[in-house]
Structures are given as structure tokens and as C-alpha cells.
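Fold the stuff below for me.
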Amino acid sequence: MTESESEAQKPRPPVLELDQSASAAAYEPASSAEQGEGGRAGRFWSVRRVPAGLLALVVLGASALTLYDVAAVRADRPAMQWRRALAHDLDTWRPDEVGVLAVSAAAVLIGIWLIVLAVTPGLRALLPMRRDHPHVRAALEREAAAFALRDRAMEVSGVQSVRVRVGRSRARVRAMSHFRELDDVRADLDSALGVGLKDLGLAAPLALTVHVVRPSARKR
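Just a heads-up that it's a prediction; the model follows:
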């Protein structure tokens, strides 16, 4: 057996191909062995300081005002005008009046808003990264991820300019090519950006959408 025949019979490593359709690709997350044993990487929760502070100020002001008025009445002083007016209005208003319905609807909307804030994590601009250690949590800003992918895209031959937008589940890339075939540029972008997405080390994989166009001719 010749040397060329023995080389032909050797098993070749599998070629990794991107699963894409019309310049869109979805990349699978790293395996459990690559992710390490740090545990599941969930989203970061916002402390919601502004809504919590506003709600605390409203509750504190209303409680202090009511407590002062009750103490004044117990000290044989007349109740404040706002409490007498409120008691009169509550006695005369009907549930089907427009003002009552409007106040009720506003209270319901505010309550729903507070519930949504309480049960959702917030911090949508942070992308959780893989947890390689159990006591270490890290996140990457979406803007920083977009800059990293943009640098990768600019290294591809034929790319004149590129714009990258990174969302919570998808990275959208729009590149402008001034030479080479658009399909070749798009294929190189898919390959380079696929490696770039994996190098970001995100816990959840990002889908990739790539569009390559020609620069429009300026009209004189």
C-alpha cells in the first residue's frame, strides 16, 4: 500500500458547518464539560431604587399626615380639612361616577406596574455569562458585546462598514461591502461572528442575523 493510499484511508475530522438559512444562524451553547460546574447563570435582578424610593416616600408622607391628624383629633382639635372633605366625598360619591372610575383605574395600573417590577429581574442591558465557578457571577453589557462583534466583523475582507445590534436573544449585523461577492462576504462574516459569539462566554446562546449590502451610489 502506497503512502497516498494510506493517507486517504485515514479518518478525517468532521467539518463544522453553520446551520443557517438566508443569512441567519443559531449557535448552540457550550457543553456541560465546557461550562464548568459553576451552576446555572440566571439574569441579574435590579434593585429598583427609584420606584422603591418613590413608593416609600408616598407611604411615609401619607402615614405621617394621617397619624398627625388622628393625634390632633384625640387632643380635642378639629380634624384637618382634607380629611373632612374626603369623608364627605366618600359619603356622596357613587361607584359609577367618572372620577371614581378614573381613580380606580389609575390605582389598578399602578398596582400592576409595581407587581411587574417585583416579579421581573430587569437589567435588560446585561447578558449573563457562563458560571465556571460557583461563587462568581459575571455579565456582559450588550453594548460591549456589540463592540466586540463589530471588531470581529471589520477584520473580514471586503467589509467597509458594519453596524451591530445585540438584543437579549439575537445579534443583528448589517455590513456594507465595497468589493468581493456578497455571498462570500456573508459566509466569512457568519464564520467570524460565530466564533466571536462563542468567545463572549455567554450563558445563553445568541442567534445571529447577517445582512450584507453594497454602498449606494451618490447622486450628483
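
List the buried residues of stretch 103-119.
By neighbour count with 16 or more other CB atoms under 10 Å, stretch 103-119 contains no buried residues. The C-beta positions use only the backbone N, C-alpha and C, and glycine is treated the same way.

Could you list the residues in contact with that stretch?
For stretch 103-119, contacts defined as CB atoms under 8 Å, 6 or more residues apart in numbering pick out 48, 51, 55.

how about 10 Å then?
Contacts to stretch 103-119, defined as CB atoms under 10 Å, 6 or more residues apart in numbering, come from residues 46, 48, 51-52, 55, 93, 95, 97, 122.

Dump these into CSV; add pLDDT and neighbour count as well.
Formatted as CSV, the contacts of stretch 103-119 follow (pLDDT from 0 to 100; neighbours: other CB atoms under 10 Å):
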residue, pLDDT, neighbour count
S46, 80, 15
R48, 80, 14
P51, 83, 14
A52, 83, 13
L55, 86, 14
W93, 82, 12
P95, 80, 7
E97, 84, 11
G122, 79, 14
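
out of those residues, which are inside helices?
Using DSSP state H, the subset of those located in helices is 51-52, 55.

which ones are touching the closest residue to A79 other than its chain neighbours?
Leaving aside its sequence neighbours, A79 sits nearest to V73 (CB to CB, 6 or more residues apart in numbering; 5.3 Å). V73 makes contacts with 79-80, 83, as judged by CB under 10 Å, 6+ apart.

Against T66, how distant is the nearest residue to E141 once chain neighbours are set aside?
Excluding the flanking residues, the one nearest E141 by CB to CB, 6+ apart is A125, at 5.7 Å. In this view, A125 and T66 are 40 Å apart by CB to CB, to the nearest Å.

and what of G42?
Separation of G42 from T66 (CB to CB) stands at 40 Å.

Helix, strand or coil: sort out V162 for me.
strand (DSSP: H, G, I helix; E, B strand; the rest coil).
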